[in-house]
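K.L.:
based on what follows, work out the 3D shape:
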Amino acid sequence: MRRLTAMLCDGLDADLRRGGIAVRDRFLTQGQVRALATCAGRRHERGEFAAARIGADRTLQRRADIRGDSIRWLTEPLFAPERDLTESLEQLRLQLNRAAFLGLFELEMHYAWYPPGAGYARHVDQPRLRGQRRVSLVLYLNQRWKSADGGLLRIFADDGRHRDIEPLAGRLVAFLTERREHEVLPTQCSRLSLTGWFRSRD
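P.N.:
Residues are numbered from 1 along each chain as shown. A predicted model of the protein is given here:
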């Protein structure tokens, strides 16, 4: 898996420097997608997912009209497929540091499950006055996804134009976090991903 990760991410740092966004299909194999989706399903059955909230610290609140997903942070103890993924992403972190000198220190990541009709309004991933999140990551676990299912990730450029990305199984999307506005368009069926950030120390 480490060799495959290196092959798939060759030039990813250049994509980030050039346009701030990188997309790699088949970052996860079909088997890995199934295994991680199964892990998420087991955690959901256990009641480990919680409704996502917006804001920070004391201002945290549930606003399903703005953000309709439920999340489960990836923390120990992990299932084996989850641990394999974090090890692969660690190799990606080291590779980005070597190639782009981003000063990435650690990874934080969670599952995000959107029920039919849910989305996430336009936003940025950096909480106010906190700049530790440097690179945003999304890995999609949606098998047999169709264009009619919706749930596109829409990423905005500084000039107001946007790029729409389908949440296809195994696809990795990475983008520079700072000031990068994006949204999840309403989905027509259950939508599952792993969303995270490579963070700096400060």
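K.L.:
could you grab the helix/strand/coil label for Arg34?
P.N.:
Three-state assignment for Arg34 (DSSP: H, G, I helix; E, B strand; the rest coil): helix.
K.L.:
what sits against it?
P.N.:
Residues near Arg34 by Cβ atoms under 8 Å, 6 or more residues apart in numbering: Gln143. Any C-beta I mention is one placed from the backbone N, CA and C, and that applies to glycine too.
K.L.:
who's sitting farthest from the centroid in this protein?
P.N.:
Ranked by distance from the centre of the chain (Cα atoms, centre = their mean), the top residue is Arg58, with 24.7 Å.
K.L.:
assumed it was part of a strand.
P.N.:
No - read with three-state DSSP, Arg58 is helix and lies in no strand.
K.L.:
lowest-pLDDT helix or strand in the chain?
P.N.:
Counting by mean pLDDT, DSSP states H and E, the weakest-scoring helix or strand in the chain turns out to be helix 2-8, with a mean of 52.
K.L.:
could you list the low-pLDDT ranges of this protein?
P.N.:
In the predicted model, the chain carries pLDDT under 70 at residues 1-10, 127-129.
K.L.:
please repeat the previous calculation with a cut-off of 80.
P.N.:
For the chain, the stretches flagged by pLDDT under 80 are 1-10, 55-59, 127-131, 202.
K.L.:
how about the helices in it?
P.N.:
Under the criterion DSSP state H, the chain carries helices at the ranges 2-8, 12-19, 30-45, 80-100.
K.L.:
got the ones you listed as TSV, with distance to Pro115 columns?
P.N.:
Conversion of the helices of the chain to TSV gives the following (distance: least, Cβ to Cβ, whole Å):
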stretch	distance to Pro115
helix 2-8	30
helix 12-19	31
helix 30-45	11
helix 80-100	22
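K.L.:
quick one: closest of the ones you listed to Gly119.
P.N.:
For Gly119, the closest of these is helix 30-45, at 19.0 Å, according to Cβ to Cβ.
K.L.:
so for stretch 79-97, what gets flagged as buried?
P.N.:
Applying a neighbour-count criterion of 16 or more other Cβ atoms under 10 Å, one finds Phe79, Pro81, Glu82, Leu85, Ser88, Leu89, Leu92, Arg93, Gln95, Leu96 buried in stretch 79-97.
K.L.:
residues in contact with the third one?
P.N.:
Read that as Glu82. So Glu82 contacts Leu36, Cys39, Leu74 (Cβ under 8 Å, 6+ apart).
K.L.:
surely the second one is in contact with Phe79?
P.N.:
Yes - if you go by Cβ atoms under 8 Å, Cys39 and Phe79 touch, sitting 4.5 Å apart.
K.L.:
how many other residues sit next to Glu183?
P.N.:
Other residues near Glu183 come to 18 when the count uses other Cβ atoms under 10 Å.
K.L.:
relative to Gly20, how far out is it?
P.N.:
16 Å (Cβ to Cβ, to the nearest Å).
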